[in-house]
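A.B. asks: got a predicted structure plus its sequence, pasted below:
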Amino acid sequence: MTESAQKSVSCQQCGGEMERTILDQGGTGRTALALIVAIVGVALLFYFPLGTVIGVLLLIAAPKLANKTKNVWKCMQCGYFFERA
């Protein structure tokens, strides 16, 4: 669907125009957890062979833990948002 073909969405709170955006819901706790998982993953790399496999999987999963985003419609006037499909 192109930009011109998408329908306009009005804000339920103020009636203003809404835009499609991505809301970042990361935080300090999620980042700390991802850092701990990454450190454990690096430590497990030295325990061949099973530890290496688990360590690589933890290193792949760590960045995904730290970053949580949602696709939302956000009002440009009042800041109200709701999740979109």
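C.D. replies: Structure's in. What do you need?

A.B. asks: ok, how many other residues are close to F81?
C.D. replies: 16 (other Cβ atoms under 10 Å). The way it works is simple: take the backbone N, C-alpha and C, and place the C-beta from them, glycine included.

A.B. asks: tell me which residues in stretch 65-72 are buried?
C.D. replies: L65, A66, V72 (16 or more other Cβ atoms under 10 Å).

A.B. asks: of the residues you listed, the lowest pLDDT goes to which?
C.D. replies: pLDDT across those is lowest for A66, at 80.

A.B. asks: was I right about that residue contacting A38?
C.D. replies: No - judged on Cβ atoms under 8 Å, A66 makes no contact with A38 at a distance of 9.0 Å.

A.B. asks: export the buried residues of stretch 65-72 to TSV and append columns for secondary structure and distance to F82.
C.D. replies: Below are the buried residues of stretch 65-72 laid out as TSV (DSSP: H, G, I helix; E, B strand; the rest coil; distance: Cβ to Cβ, whole Å):
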residue	secondary structure	distance to F82
L65	helix	25
A66	helix	25
V72	strand	6
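
A.B. asks: please pull out the lowest mean pLDDT helix or strand from this protein.
C.D. replies: Ranked by mean pLDDT, DSSP states H and E, the helix or strand of the chain with the weakest confidence is strand 81-83, at a mean of 78.

A.B. asks: sheet-wise, list the partners of that one with their directions.
C.D. replies: strand 69-75 (antiparallel) (DSSP bridges).
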